[in-house]
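Colleague: Fold the stuff below for me.
(2 chains)
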Amino acid sequence: GAVVSQHPSWVICKSGTSVKIECRSLDFQATTMFWYRQFPKQSLMLMATSNEGSKATYEQGVEKDKFLINHASLTLSTLTVTSAHPEDSSFYICSASGQINEKLFFGSGTQLSVL
Amino acid sequence: AQSVTQLGSHVSVSEGALVLLRCNYSSSVPPYLFWYVQYPNQGLQLLLKYTTGATLVKGINGFEAEFKKSETSFHLTKPSAHMSDAAEYFCAVRPDTGRRALTFGSGTRLQVQP
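Modeller: Predicted structure coming up:
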């Protein structure tokens, strides 16, 4: 099946620094990518939807200036957590889809810990 | 709007026993329903999905789920648990048209005891 590679799998950073998470579709063209966040013992919550070549659509309550999403190519989307704070510590996971009603494929997630 | 409730964050069964993971949803439009499994250090893998048609859906690894509209449920079952079934399971829903983003439940961790 299709593979989505997410990197890094975990990262520890100091408060105030920025962290970039990459999500790559390895064997298909991902026209749409979704970014989710999961706090311990809670659901995966959709943060934003990105379509290749256009600005991401953010969910209510998600700061677009803090969580920068770039989807410049059909195989790569990045999420940058800017000026990270301890409350941003969470599990971030991306998913990708090629076309409407096609299956979604998930990355393995990134555990972010902000000290 | 949709929401998903998974009853029980942890479920423990003996090897060979029935697995039952519960999922209830709410949706203002006809839903598509999904079960995903996540093994340690891996991405979410689709187990099965309900879109239309037969309400009993069979998936991979011997799992199946039944869509019960009257109960707004989509419980996941497997007749006989195997040690390799130990993982985190997520139920998810999305509307049948339009927006493709999934709304997930909080997950259920399945432990299988020898």
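
Colleague: Residues of chain A that sit close to chain B?
Modeller: Contact residues, chain A versus chain B (Cβ under 8 Å from any Cβ of the partner chain): A:4, A:6, A:9, A:32, A:34, A:36, A:41-46, A:49, A:93, A:95, A:97, A:100-101, A:103-109. C-beta here means a position set from N, CA and C on the backbone, and glycine is covered the same way.

Colleague: shaky segments in chain B?
Modeller: Within chain B, the segments meeting pLDDT under 70 span B:96, B:99.

Colleague: All the strands of it, residue numbers only.
Modeller: Per DSSP state E, chain B carries strands over the ranges B:2-5, B:10-14, B:19-21, B:24-27, B:31-38, B:44-50, B:56-58, B:64-68, B:73-78, B:87-95, B:103-104, B:108-113.

Colleague: and if you look at chain A?
Modeller: A:4-7, A:10-13, A:19-25, A:32-38, A:44-51, A:57-58, A:67-73, A:76-81, A:90-97, A:105-106, A:110-114.

Colleague: Those into JSON lines, with extra columns for mean pLDDT?
Modeller: Formatted as JSON lines, those follow (pLDDT from 0 to 100):
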{"stretch": "strand A:4-7", "mean pLDDT": "93"}
{"stretch": "strand A:10-13", "mean pLDDT": "95"}
{"stretch": "strand A:19-25", "mean pLDDT": "95"}
{"stretch": "strand A:32-38", "mean pLDDT": "92"}
{"stretch": "strand A:44-51", "mean pLDDT": "91"}
{"stretch": "strand A:57-58", "mean pLDDT": "94"}
{"stretch": "strand A:67-73", "mean pLDDT": "91"}
{"stretch": "strand A:76-81", "mean pLDDT": "95"}
{"stretch": "strand A:90-97", "mean pLDDT": "92"}
{"stretch": "strand A:105-106", "mean pLDDT": "88"}
{"stretch": "strand A:110-114", "mean pLDDT": "95"}
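
Colleague: Find the residue at the geometric middle of chain A.
Modeller: Nearest residue to the geometric centre of chain A (Cα atoms, centre = their mean): A:Trp35, 3.8 Å.

Colleague: and the nearest residue to that one once chain neighbours are set aside, how far is that from B:Val37?
Modeller: In space, and not counting its chain neighbours, A:Trp35 is closest to A:Met47: 4.6 Å by Cβ to Cβ, 6 or more residues apart in numbering or on different chains. Here A:Met47 is placed at a distance of 22 Å from B:Val37 (Cβ to Cβ, to the nearest Å).

Colleague: Settle it for me: which of those two has more neighbours?
Modeller: The neighbour count for A:Met47 versus B:Val37, taken as other Cβ atoms under 10 Å in any protein chain shown, is higher for A:Met47 (24 against 21).

Colleague: in the sheet, who's paired with the residue nearest the centre of chain B?
Modeller: Geometric centre of chain B, nearest residue: B:Trp35, 3.3 Å, by Cα atoms, centre = their mean. Per DSSP bridges, the residues bridged to B:Trp35 are B:Leu48, B:Cys91.
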